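**Q** what follows is a predicted protein model with its sequence.
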Amino acid sequence: PPAPQAAMEATSSAASPASPPPAPSPSRGDAAAPPNVKAPASRTEGGGGDAKESGDIAVKLMSYRFVDTPVFVQLIKMKGSFYLWIGGQAPTMDNLSISLGSSLDKVPSVTSVFSKDDSEFESSLAQKLVKRTGMVAYVSYNLPPNNDYLEHFVQEKILSLLPKQKSSKSSAKADAKK
């Protein structure tokens, strides 16, 4: 007899689309549940994401699966900065780091606003994203810490979403040709 579909998905080591996280509920005795925020009507699974733009703000929602771990990503691009939330099935915000570039140092400054664990991945990712984009980065990473394979997978997916900053050398060459 053929193997059930769920068993085949569970044993796959390749990334595959995941289902969206459930809406938050006041099951832990919270005073009130946050209002449900409606996502854009359509959603692209496994990479492309759905973009919704309003003026200077663009929102992308993506979902992935790494082995048996669902990975959900929300990217909010604003003028000069972006907010990146990375999480799993539970819609939590246990960590937040902020990073920005400086004219005094080639390495972007980074600080952890709050953190539930001792993982350095979130701060490191924020710095890499600032180097890549030249924008201020707000990064919230809410997946199990200290899983090198998962962190590498997430980093590759995130780097593919954000464009590289145009270097001043290449723009100076383009201006010189004109």
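**A** Arrived safely, thanks for sending.
**Q** quick one: pLDDT of residue 82?
**A** The per-residue pLDDT reported for residue 82 equals 96.
**Q** do the same with residue 47
**A** The per-residue pLDDT reported for residue 47 equals 51.
**Q** how about residue 139?
**A** Reported pLDDT for residue 139: 97.
**Q** now residue 34
**A** The predicted structure lists residue 34 with a pLDDT of 36.
**Q** what about the strands in this protein?
**A** In the chain, the strands defined using DSSP state E lie at 50-54, 57-66, 69-78, 81-87, 96-100, 109-114, 136-142.
**Q** give me whichever of those is most buried.
**A** Sort these by mean neighbour count, taking mean count of other Cβ atoms under 10 Å, and strand 136-142 sits at the top with a mean of 22. For every residue, glycine as well, the C-beta is placed using N, CA and C.
**Q** related to what we said a few turns ago, possible to save the strands of the chain as JSON lines with distance to residue 158?
**A** Shown next, in JSON lines, are these (distance: least, Cβ to Cβ, whole Å):
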{"stretch": "strand 50-54", "distance to residue 158": "15"}
{"stretch": "strand 57-66", "distance to residue 158": "9"}
{"stretch": "strand 69-78", "distance to residue 158": "7"}
{"stretch": "strand 81-87", "distance to residue 158": "7"}
{"stretch": "strand 96-100", "distance to residue 158": "13"}
{"stretch": "strand 109-114", "distance to residue 158": "16"}
{"stretch": "strand 136-142", "distance to residue 158": "9"}
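**Q** so which of these is nearest residue 125?
**A** strand 136-142 (5.7 Å; Cβ to Cβ).
**Q** the closest one pairs with which strands, and in what direction?
**A** strand 81-87 (parallel), strand 96-100 (antiparallel) (DSSP bridges).
**Q** using JSON lines, lay out those strands together with distance to residue 121.
**A** Conversion of the strands paired with strand 136-142 to JSON lines gives the following (distance: least, Cβ to Cβ, whole Å):
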{"stretch": "strand 81-87", "distance to residue 121": "10"}
{"stretch": "strand 96-100", "distance to residue 121": "10"}
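**Q** which of the strands of the chain has the lowest average pLDDT?
**A** Lowest mean pLDDT within those: strand 50-54, a mean of 60.
**Q** helices along the protein, start to end?
**A** 5-11, 121-133, 148-161, 168-177 (DSSP state H).
**Q** what's the least confident stretch among the ones you listed?
**A** helix 5-11 (a mean of 32).
**Q** settle this for me: residue 159 is touching residue 128, isn't it.
**A** Yes. In this structure residue 159 lies within contact range of residue 128 using Cβ atoms under 8 Å: 7.4 Å.
**Q** more crowded one of these two?
**A** Taking neighbours as other Cβ atoms under 10 Å, residue 159 and residue 128 compare with residue 128 leading, 18 against 13.
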